[in-house]
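Trainee: any chance you can model this:
(chains A, B, C and D)
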Protein chains: 2
Amino acid sequence: METPVESTRERLLNVAEQRFGEGGYEGTSLRAITVAAAANIAAVNYHFGSKEALLRAAVARAMAPVNTERRRRLDQLEAAGTPSAEQLIRAFVEPGLDLVLRRGERGAVVARFIGRIAFDPSQRIRELYVAESDPIEARYLAALRTALPHSAPEAVAFGYVNMLGLLALHQSQALTPAPGGAELEDPGKLAENLIAFLVAAFDRGLRA
Amino acid sequence: METPVESTRERLLNVAEQRFGEGGYEGTSLRAITVAAAANIAAVNYHFGSKEALLRAAVARAMAPVNTERRRRLDQLEAAGTPSAEQLIRAFVEPGLDLVLRRGERGAVVARFIGRIAFDPSQRIRELYVAESDPIEARYLAALRTALPHSAPEAVAFGYVNMLGLLALHQSQALTPAPGGAELEDPGKLAENLIAFLVAAFDRGLRA
DNA sequence: CTCTGATTCAAACGACCGTTTGAACTATGC
DNA sequence: GCATAGTTCAAACGGTCGTTTGAATCAGAG
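Mentor: Numbering: from 1, shown residues only, chains lettered A, B, ... in the order given. Sure, this is the predicted structure:
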């Protein structure tokens, strides 16, 4: 099998998303990252410039395929007419869970990383996540508004925030093991359950 | 007006829940806390023993009234018969938002503190929150299962986790300002919207 | 080969971390 | 008054933090 010799830069990004996803930004030291990546401390500042720039690069790399898939699905839906709320929710949630949870160990690491950064205690860190998902989210929000004409715009925005939060929650696995019940094992089932949960809430729970 | 001279211990707890709520556990130093509390560095170890013990004490103090109110409401509901899912959701969510968001500036600080700790990147910190809310949560989960006999137990647990997550999300204000829409200002309205959202999702979104 | 730019390295920088020490201060009871 | 327990204090502890330095190593072009 072909393992094309990872560059120091790639190894740093891989280890960064793993460690940042486990311990958060403040709770993870550059030394822990560089040791695990078999790189010199100075490599971080050489390749990225600073700890925060390393995080920014890791967030951008992790979010890119998710955003691409979301854009592709939204384009496709809008080309076929006016998408329903369920179609929109599915097109938003599945790339976040599916695309990232289905791909074995590595996918779970990326998912947890994204979910944790999205909820980081520091607003400055959270904004790194927001900056990477901003444009596509605005498109989804607008499409949701036209799909739910009977709900007030603020109500749709409220639902949208909840969707973002629940997605990040399940990505980060922050509430597992669940208190008093085993978590859903199959990622596909998790996606279906989350979508059904959100669709029901959007369709009947958004009375402004 | 009576300001009965806050003790050093109380000032430390007050500042701790404010700062930990802003920057998270790892991102907040004891020096930042003690300076803001006008206390000596050594006071933390004198009164609590360690940084983590200070956090534990702050979590316990912040959660106590919420747990008390949840217990009271659940007792009351169960004394009157078999509570509905909506009643249970309301009895669980309102003490977390209401009791804590309605009480002006201080309440918002406590709410954010709890919400942030519940989502802290470090599992060890999250468990401090879980330890304070464990027993009462088990009772709610059991009551929800009997209120939703048509949903599988794992599905109810899934919905319960989502309720916990959304509550902590709105308490922590982690997603405000919302991308593309103003957040709901009135805490009472927020509670009503969240309850409606959850009730709809529980009633129709939990097909296992 | 030499030269050049990119990369890696050990080592150190100053700053900040949580914690500890031991003396100084305070309040209360005798 | 003295003694005692509770509390506060400045100062320092050893360690770790992100970052920087300047020399060593590497790869590729001429």
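
Trainee: C-alpha only now, for contacts and for neighbours.
Mentor: Will do.

Trainee: confidence score at A:Leu184?
Mentor: The model reports A:Leu184 with a pLDDT of 53.

Trainee: which residues of chain A lie near DNA strand C?
Mentor: Proximity of chain A to DNA strand C is confined to A:7-9, A:38-43, A:46 under the rule Cα under 7 Å from any atom of the strand.

Trainee: try it again at 6 Å.
Mentor: Neighbours of DNA strand C within chain A, by Cα under 6 Å from any atom of the strand: A:8, A:39-43, A:46.

Trainee: mind listing what's buried in stretch A:25-36?
Mentor: Across stretch A:25-36, burial judged by 16 or more other Cα atoms under 10 Å in any protein chain shown covers A:25-26, A:28, A:30, A:33-34.

Trainee: can you check stretch A:139-155 too?
Mentor: Neighbour count says stretch A:139-155 has A:140-141, A:143-148, A:151, A:153-155 buried, by 16+ other Cα under 10 Å.

Trainee: what's the average pLDDT for that stretch?
Mentor: Average pLDDT, stretch A:139-155: 94.

Trainee: starting at the chain centroid, how far to it?
Mentor: A distance of 22 Å separates the centroid of the chain from that of stretch A:139-155, by Cα atoms, centre = their mean, to the nearest Å.

Trainee: now swap in stretch A:12-29 and tell me
Mentor: On Cα atoms, centre = their mean, the centre of stretch A:12-29 falls 15 Å from that of its chain.

Trainee: and that stretch, what's buried?
Mentor: For stretch A:12-29, the neighbour count (16+ other Cα under 10 Å) marks A:12-26, A:28 as buried.

Trainee: reformat the residues of chain A next to DNA strand C as CSV; add distance to A:Ala57, pLDDT and secondary structure.
Mentor: What follows is those, written out as CSV (distance: Cα to Cα, whole Å; pLDDT from 0 to 100; DSSP: H, G, I helix; E, B strand; the rest coil):
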residue, distance to A:Ala57, pLDDT, secondary structure
A:Thr8, 14, 90, helix
A:Ala39, 17, 94, coil
A:Asn40, 18, 95, coil
A:Ile41, 17, 96, helix
A:Ala42, 17, 96, helix
A:Ala43, 14, 96, helix
A:Tyr46, 13, 96, helix
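
Trainee: how many neighbouring residues does the nearest residue to A:Leu148 once chain neighbours are set aside have?
Mentor: What sits nearest to A:Leu148 in space, not counting adjacent residues and going by Cα to Cα, 6 or more residues apart in numbering or on different chains, is A:Ala85, at 6.9 Å. The tally of other residues near A:Ala85 (other Cα atoms under 10 Å in any protein chain shown) stands at 20.

Trainee: spit out the contact partners of A:Ala85.
Mentor: A:144, A:147-148, A:199, A:202-203 (Cα atoms under 8 Å, 6 or more residues apart in numbering or on different chains).

Trainee: tell me the spacing between it and B:Asp120.
Mentor: 32 Å (Cα to Cα, to the nearest Å).

Trainee: picking up where we left off before, contacting chain B as well, which ones from the buried residues of stretch A:12-29?
Mentor: Restricting the buried residues of stretch A:12-29 to those near chain B by Cα under 8 Å from any Cα of the partner chain leaves A:21-24, A:26.

Trainee: how about these in CSV, adding distance to B:Arg106, secondary structure and pLDDT?
Mentor: Compiled in CSV, these are given as follows (distance: Cα to Cα, whole Å; DSSP: H, G, I helix; E, B strand; the rest coil; pLDDT from 0 to 100):
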residue, distance to B:Arg106, secondary structure, pLDDT
A:Gly21, 31, helix, 95
A:Glu22, 31, helix, 94
A:Gly23, 29, helix, 94
A:Gly24, 27, coil, 95
A:Glu26, 26, coil, 96
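
Trainee: give me the pLDDT for the one residue sitting closest to the centre of chain A.
Mentor: For chain A, the residue nearest the mean C-alpha position is A:Ile114 (4.4 Å; Cα atoms, centre = their mean). Confidence at A:Ile114, expressed as pLDDT, is 95.

Trainee: same question for A:Ala191.
Mentor: A:Ala191 is assigned a pLDDT of 89 by the prediction.

Trainee: ok, it - how many residues close by?
Mentor: If we define neighbours as other Cα under 10 Å, then A:Ala191 has 22 of them.

Trainee: what about it, helix or strand, and which?
Mentor: Assigned by DSSP states H and E, A:Ala191 belongs to helix A:187-204.

Trainee: re earlier: out of the buried residues of stretch A:139-155, list just those in helices.
Mentor: If you go by DSSP state H, the buried residues of stretch A:139-155 have A:140-141, A:143-147, A:153-155 in helices.

Trainee: point out where chain A drops to low pLDDT.
Mentor: Scanning chain A for pLDDT under 70 picks out A:1-5, A:176-187, A:208.

Trainee: in it, which spans are helices?
Mentor: Per DSSP H, chain A carries helices over the ranges A:8-23, A:30-36, A:41-47, A:51-79, A:85-101, A:104-118, A:123-147, A:153-172, A:187-204.

Trainee: would you mark the buried spots in the third one?
Mentor: Which is helix A:41-47. Residues of helix A:41-47 classed as buried: A:43-44 (neighbour count, 16+ other Cα under 10 Å).

Trainee: just checking, A:Ser151 touches A:Arg204?
Mentor: No: the pair A:Ser151 and A:Arg204 does not pass the contact test of Cα atoms under 8 Å, sitting 9.5 Å apart.

Trainee: now for the buried residues of stretch A:139-155: which two are most distant?
Mentor: Spatially, the most separated pair among these is A:Tyr140 and A:Ser151, at 15.4 Å (Cα to Cα).

Trainee: export the ones in helices among the buried residues of stretch A:139-155 to CSV and tack on distance to DNA strand D?
Mentor: What follows is those, written out as CSV (distance: Cα to the nearest atom of the strand, whole Å):
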residue, distance to DNA strand D
A:Tyr140, 35
A:Leu141, 35
A:Ala143, 40
A:Leu144, 40
A:Arg145, 41
A:Thr146, 44
A:Ala147, 45
A:Pro153, 41
A:Glu154, 39
A:Ala155, 40
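
Trainee: quick check, nearest of the residues you listed to chain B?
Mentor: Ranked by distance to chain B (Cα to the nearest Cα), these are led by A:Glu154 at 6.5 Å.

Trainee: list the contacts of A:Val30.
Mentor: Quick fix: residue A:30 is Leu, not Val. Contact partners of A:Leu30, counting by Cα under 8 Å, 6+ apart, are A:41, A:44, A:51.
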